[in-house]
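Novice: with the input below, show me the fold.
(2 chains)
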2 protein chains.
Amino acid sequence: MDLALLEAEAAIAHGDVPVGAIVVNIETGQVIASRHNERELTQDTTAHAEILALRDASIAIGSWRLNEYALVVTLEPCPMCAGACINSRIGLVVFGAADPKAGAMGTLYNLSCDPRLNHEVQVVSGIHAAEGALLLTNYFAKRRG
Amino acid sequence: MDLALLEAEAAIAHGDVPVGAIVVNIETGQVIASRHNERELTQDTTAHAEILALRDASIAIGSWRLNEYALVVTLEPCPMCAGACINSRIGLVVFGAADPKAGAMGTLYNLSCDPRLNHEVQVVSGIHAAEGALLLTNYFAKRRG
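Specialist: Numbers count the residues shown, from 1 in each chain, chains lettered A, B, ... in the order given. Have a look, this model is predicted:
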C-alpha cells in the first residue's frame, strides 16, 4: 500500500485525482504493475489507476486471468474498476479508503461477492485508509480554494 | 447498430467473443470510434469492445466527457463497461441483446439510473437483439463443438 500511496501522490503533478494502484503476485510479492489515475492527463475516460494497472498486469504476464495476483489500491474501486477486477478473476483486492460516492466493493454496491457474476473476489479494506483519504481531501480542498 | 454488428463479427477471426461497439455523435450521427472485443487477441483483461470504443472516442475528441455521444453496442454492458459509460457521462447507450450473466444496464444491475452515482444515462435496449445474440450463440456452439 505504501507504493500505491506514492503512485497516488504522483497523479497530483498532472492535475489528476490522487488514486494509485499496484498489482502484486500474492505468493511472491512481486509487483508487476504500478499506476495512478491519468484521466485528466490523457483525457482517456477509462484511465483510472485500477484499469491501467490491471491492463499492464495482464499484458505483462500474457494472460487476462489474474487469479494469482492482488490489486492494491488507495481508494475503493468504482463500478467500472470493480467490474474489471471481477472480469480479470483477480485473487484479492486490498483497498484503502471507502468511497461513499462510487464505491462498488461494499459501499454503494458490492460486486466482489455476487454469486450471479462469474467470479467472486476476497476483499480487505481500510488499509492505510486515512493516508489515502487525506490525499483526496487535500487535493479537492486545493481545487476549490 | 449495423456497424456494431459488423465489428462484432470481426472479433471471431481472432477467437474473441463477438461483441462490437461504436461511439457516435448524437446530433450529427458521426461515428468517432468503432471497436470489437479484443480480450483474447491482446490478453488485456480490460479489452471489452465498449472500453476500447470509449477510450478511442475520448482521445479522439480530446475530452473524457462524452455527454454529446451515444455508445451503440451489440450486447448489454457488463458492470465494468456500464461503469465506464457512467464515468464518461455518455449521453445515450443503445444495446442489442440483454446479458443474463453479466448485464448491468437492466438485467443483473441497472447502473444507468442510480441517483447515487454522478451521472444517469438514457438507455435504449433490444435493437437488433436477435442478430447480436445469434452471433454469440453460434460462437459458443462452435467452441463447444
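
Novice: helix or strand for A:Trp64, which one?
Specialist: Using DSSP states H and E, A:Trp64 is not contained in any helix or strand.

Novice: tell me the contacts of it?
Specialist: A:Trp64 is in contact with A:58, A:87-88, B:39-40, B:43-45, B:47, counting by C-beta atoms under 8 Å, 6 or more residues apart in numbering or on different chains. For the C-beta atoms, the positions are set from N, CA and C on the backbone; glycine is no exception.

Novice: please apply the same query to A:Pro79.
Specialist: Listed by C-beta under 8 Å, 6+ apart, the contact partners of A:Pro79 are A:102, A:104, A:108-109, A:111, B:79-80, B:82-83, B:86, B:104, B:111, B:117.

Novice: now A:Val93
Specialist: A:Val93 is in contact with A:70-73, A:77, A:85, A:105, A:112, A:121-124, counting by C-beta under 8 Å, 6+ apart.

Novice: just the C-alphas of the host helix or strand of it, formatted as PDB.
Specialist: Take DSSP H and E as the rule and A:Val93 turns out to sit in strand A:92-97. The C-alpha coordinates for strand A:92-97 follow below in PDB (Å, rounded to 0.1, in the frame of the first residue of the first chain):
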ATOM      1  CA  LEU A  92      -7.600 -10.500  -3.900                       C
ATOM      2  CA  VAL A  93      -8.400  -6.800  -3.700                       C
ATOM      3  CA  VAL A  94      -6.900  -4.600  -0.900                       C
ATOM      4  CA  PHE A  95      -8.200  -1.100  -0.800                       C
ATOM      5  CA  GLY A  96      -7.700   1.900   1.500                       C
ATOM      6  CA  ALA A  97     -10.400   4.500   1.900                       C
END
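
Novice: direction included, what does that strand pair up with?
Specialist: strand A:69-75 (parallel), strand A:122-125 (parallel) (DSSP bridges).
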